[in-house]
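>>> This is a predicted model, with the sequence first.
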Amino acid sequence: MSLLAYEQYLADSSSKRAADVTMNYLKQNEDPAVQLIHDTDKSSACTECRSDYDRDNSCSDSVCPADTESLASDDTALSFHDEAAFQRSGEVKSNKKSSKPSDFTPFNSTRSRQMQMGVPKSKGYVIHTNRPTAAQINFNKELSRMNRAEQILNTVSAAIGNNCNLNATNLSTALHRLVVKGGQRTKNIESDPRLTTLLNSLQTTLEKKGSDFNARELANTAWALAKLKISNSGILFKLIQEECMDRCLFEFNWQDISNMLWGFATVKFHSKDLFHRFSVQVLDRDLDDVCPQVISNIIWSFGTVGHFDDELVEKISTHVLFKGLDEFKPMELSSMIWAMAALGHSDERLFQKVSEFVLSKGLNGFNAPKISIIAWSFARARYPAEDLFSLIEEFIVEKGMSSFNCQNISCIVWAFAVFGRMTDDLMACVEEQIWNVGFAGFSDQSFVDLLWGFATSDLNGTCSHAGEDTVKMAAAYLRKRSIRSFSSRQLSTMAWAFARLGQFHDQAFYSLEQEILRRDLREFDASEMNFISNAFRAYRNSRNLARMCMLSGIGIRLLSRLDAEESSATTVECNTPESVSDCELWPEETEGELFKARMVEKHQMMKDNVLVPRNDGCIPFQAC
């Protein structure tokens, strides 16, 4: 049967999902793979893989304020034999007859599909089917009955050592069950030589021309590799990508697409061609019967790798607005709204709907990562949602922040500072938790965001104090922390924050000066140079006021180099999406002198315990 005839066959079967149609096609052609699937189904279906998933991580570093763990759901993969669990996932309700067309619409011809998906016309597509031997079928039955990681690794390693011919189904099932059944034991499994043997066999199989991996096996393999957190898995994902680019994506059902994209996004492997092809598939299919988990994972994957597709985002947003949020779990909701904000989608209707939903349900079902993600998303989209932020503040003040990690704290401070909503009660909770956890757990971005939030709250005058003691502790912490990994924007924002708060800690400014001098000043743009220049001039003025200029030469070399750069005296306006004010620079020269005088005055007032007046100078970009 030709590929064109096969596509027509799929189109004629509009009342069935793609997986059922493929199964019938294989039956009609007497493919032994069908027997493998049915035999394994009868033996032991992996029902645990639809259990509650652990998705309580924090924001992704692609556009979120920090470089931490990914926030998306562990898109619990379904192995090829888990048909019963797949039915329970809610993706397709097979017992519900529908006159609607199938959840995919074929193109008019293979050539048009190739042109739209960016595949070379000469390559074509391959319909992959497994043709297992009796030994491979029996081996897969054994794997499906195993419930311990040790048992799975020993069996697979022994089989490979005895030169048994394991096929794609055996390898993908072994990896999948290793994750599902391994639990906590898989955390430090990467160095296990038995796993290395399995991965080497997987690589050899993927490198063969005409690999017998089907769509679900490829998706499960990508999912399992991401869950195992294999550090050197790049070559395997590259081979999986090549396999996907060689085949017709009709083979992938919604769960396969979700698992595949989640795996690639989790390991930060951004294949533009692959994401584009799957984007076309999502746009070409009907979302009516897709479960929230799949929708959440798909849009999260695009947001994590920073793959912008306005049509895809608009389609998912429209679908969510039409279907409502009643079926969304807290993690699915937070992942979805985070991705929308990260991808620059700020439809007020969607954010209003999310706000109303959270207000109606309350925050009892939301843990610290989910609350911080929602707050960050609304701040990123610049949708104030006053009632929602009031609810979050009341929840934090009442419950405390003992469950908030460093990333969660940074997100909360940043989000509330964006809208000028940081209050004394909230600041007290934040400071208490920071003093409990310390600064070691803060990533570069979250550390800078925290300082930015404190400085902005002081600028807006929303707190009687802006965490001065905590900022002093942060400045002292730089004595132990290397800042070589900080970007030029992060360095300039940190200098601005310390100067804005009047925290002229010698160690902080010494570390900043040494790192900036180590770099080529051409790495810094005009606005960043201005932030640094003004901050160090304010620091030197504070030293002169305290009559300590003879004790420290910090800042002198840097200011000399900055003065030699013409760009350091240039005022440039940058209207970026991250900007709170229209001007990203400190005031111009005449106002700059006044600003520096005010900083000196503030330093003296702090020594005399006098209330410090608020400075209304422009604030820089946000460090997100």
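Here it is on my side, so go on.

>>> any low-confidence regions in the stretch 451-600 of the chain?
Scanning the stretch 451-600 of the chain for pLDDT under 70 picks out 460-461, 466, 544-552, 565-600.

>>> So which residues of it form helices?
468-477, 488-500, 506-518, 526-545, 556-564, 589-607 (DSSP state H, counting those that start in this stretch).

>>> how about the closest residue to Glu348 other than its chain neighbours, secondary structure?
Closest residue to Glu348 apart from its sequence neighbours, by C-beta to C-beta, 6 or more residues apart in numbering: Tyr383 at 6.3 Å. The way it works is simple: take the backbone N, C-alpha and C, and place the C-beta from them, glycine included. With DSSP: H, G, I helix; E, B strand; the rest coil as the basis, Tyr383 sits in coil.

>>> Pretty sure Tyr383 sits against Arg349.
No. Between Tyr383 and Arg349 there is no contact under C-beta atoms under 8 Å: 10.4 Å.

>>> quick one, which of the two is more surrounded?
Taking other C-beta atoms under 10 Å, Tyr383 and Arg349 do not tie; Tyr383 has more neighbours (19 against 11).

>>> Give the closest residue to Ile483 in space, chain neighbours not counted.
Nearest to Ile483 is Glu515, by C-beta to C-beta, 6+ apart, at 5.2 Å.

>>> So the residue nearest to Glu348 versus Trp414, what's the distance?
Distance, Tyr383 to Trp414, by C-beta to C-beta, to the nearest Å: 15 Å.

>>> for Met529, same thing?
According to C-beta to C-beta, Met529 and Trp414 sit 24 Å apart.

>>> ok, the two, which is more surrounded?
More neighbours surround Trp414 than the other of Met529 and Trp414, with 28 against 23 (other C-beta under 10 Å).

>>> correct me, but the more buried one touches Ala379?
Yes. At 6.7 Å, Trp414 counts as touching Ala379 under the criterion of C-beta under 8 Å.

>>> Mind checking the helices of the stretch 451-600 of the chain for the one nearest to Leu206?
Closest to Leu206 of the helices of the stretch 451-600 of the chain is helix 488-500 (C-beta to C-beta; 38.9 Å).

>>> Which strands or helices does that closest one pack on?
Packing partners of helix 488-500 (3 or more C-beta pairs under 8 Å, 6 or more residues apart in numbering; DSSP states H and E): helix 444-460, helix 468-477, helix 506-518, helix 526-545.

>>> Pull out the buried positions in that helix.
Buried positions in helix 488-500, judged by neighbour count with 16 or more other C-beta atoms under 10 Å: 488-500.

>>> Would you tell me which one of those comes nearest to Phe308?
Checking those one by one against Phe308 (C-beta to C-beta), the nearest turns out to be Arg489, at 20.7 Å.

>>> you'd agree that closest one is up against Ser527?
No. When contacts are counted by C-beta under 8 Å, Arg489 is not listed as touching Ser527 (9.1 Å).

>>> What values do phi and psi take at the residue nearest to Glu348?
With angles defined as degrees, to the nearest 10, Tyr383 sits at phi -110, psi 110.

>>> From Leu199, how far off is it?
Going from Tyr383 to Leu199 by C-beta to C-beta gives 45 Å.

>>> need the contact list for Ile554.
Ile554 makes contact with 506, 509-510, 513, 539, 543 under the criterion C-beta atoms under 8 Å, 6 or more residues apart in numbering.

>>> Give me the pLDDT value at the closest residue to Ala381 other than its chain neighbours.
Excluding the flanking residues, the one nearest Ala381 by C-beta to C-beta, 6+ apart is Ser346, at 4.1 Å. For Ser346, the pLDDT comes out at 88.

>>> Leaving out sequence neighbours, find the closest residue to Ile374.
Ser334 (5.4 Å).

>>> So the one you found sits against Ala368, correct?
No. Contact criterion C-beta under 8 Å: Ser334 and Ala368 do not qualify, at 11.2 Å.

>>> which stretches of the stretch 101-250 of the chain have low pLDDT?
101-130, 183-187, 210.

>>> all helices for it, in order.
Under the criterion DSSP H, counting those that start in this stretch, the stretch 101-250 of the chain contains helices at 110-117, 134-145, 149-161, 168-182, 193-207, 215-228, 234-245.

>>> just these: most buried one?
Most buried of the helices of the stretch 101-250 of the chain by mean neighbour count (mean count of other C-beta atoms under 10 Å) is helix 215-228; its value is a mean of 26.

>>> re the thing from before, okay, the helices of the stretch 451-600 of the chain in JSON lines with distance to Ser317 next?
Formatted as JSON lines, the helices of the stretch 451-600 of the chain follow (distance: least, C-beta to C-beta, whole Å):
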{"stretch": "helix 468-477", "distance to Ser317": "38"}
{"stretch": "helix 488-500", "distance to Ser317": "30"}
{"stretch": "helix 506-518", "distance to Ser317": "42"}
{"stretch": "helix 526-545", "distance to Ser317": "33"}
{"stretch": "helix 556-564", "distance to Ser317": "45"}
{"stretch": "helix 589-607", "distance to Ser317": "42"}
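
>>> Figure out which of those is closest to Val180.
helix 488-500 (39.3 Å).

>>> returning to what we had before: for the residue nearest to Ile374, the count of nearby residues, please.
Per other C-beta under 10 Å, the neighbour tally for Ser334 reads 32.
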